[in-house]
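Participant: Output the structure for:
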Amino acid sequence: MEAKAIAKFVRISPRKVGVVLDLVRGKDVTYAEAVLKHTPKAACEPLLKLLKSAMANAENNHDMDVSKLYIAQCNATAGPILKRIRPRAQGRAFRINKRTSHITLVLKEKED
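Facilitator: Just a heads-up that it's a prediction; the model follows:
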């Protein structure tokens, strides 16, 4: 049995999200929640929201015990890129890529 939560079109680069996901991958949800609350990274805010959503899904939809949950899988894949143009010297243009992420979080119950 597993509970899943997906956040799509999050306005942060998948590379930056991946750094924070590496901190919590395989950990229990109480530890992961504490790490996300106290890590000074921009990706922590949407990840904490997603973790709480996955915990709520596990409890309400799958009747899982929240105290036994751990993060079984987590990944961030690239979403669409918002392309913007910045003017540069001598009439040139410089492209700015504003990257987005699709973040997936899968929770499972520990076996006793």
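Participant: So which residues of the protein form helices?
Facilitator: Shown for the chain, the helices assigned by DSSP state H span residues 14-24, 29-38, 44-62.
Participant: Residue 76 is nearest to which of those helices?
Facilitator: Closest approach to residue 76 among those (Cβ to Cβ): helix 14-24, 3.9 Å. For glycine as for every other residue, the C-beta is placed from the backbone atoms N, C-alpha and C.
Participant: Show me which residues of that closest one are buried.
Facilitator: With burial defined by 16 or more other Cβ atoms under 10 Å, the residues of helix 14-24 counted as buried are 14, 17-18, 20-21, 23-24.
Participant: about what we covered before: need the helices of the chain in a markdown table with mean pLDDT and distance to residue 91, can you?
Facilitator: A markdown table is the format used below for those (pLDDT from 0 to 100; distance: least, Cβ to Cβ, whole Å):
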| stretch | mean pLDDT | distance to residue 91 |
| --- | --- | --- |
| helix 14-24 | 96 | 32 |
| helix 29-38 | 96 | 45 |
| helix 44-62 | 96 | 38 |
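Participant: Would you mind reformatting those (as TSV) and adding columns for distance to residue 75 while you're at it?
Facilitator: Written out in TSV, the entries for the helices of the chain read as follows (distance: least, Cβ to Cβ, whole Å):
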stretch	distance to residue 75
helix 14-24	7
helix 29-38	15
helix 44-62	12
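Participant: So for residue 100, which of those helices sits nearest?
Facilitator: Taking Cβ to Cβ, helix 14-24 is the member of these nearest to residue 100, at 8.3 Å.
Participant: tally of neighbours for the closest residue to residue 65 other than its chain neighbours?
Facilitator: The spatially closest residue to residue 65, leaving aside those adjacent along the chain, is residue 109, at 6.4 Å (Cβ to Cβ, 6 or more residues apart in numbering). The burial count assigned to residue 109 is 18, neighbours taken as other Cβ atoms under 10 Å.
Participant: Then the one 3 residues further on?
Facilitator: Each residue near residue 112 was counted by other Cβ under 10 Å, and the total is 4.
Participant: gap between it and residue 2?
Facilitator: Counting by Cβ to Cβ, to the nearest Å, the gap from residue 112 to residue 2 is 17 Å.
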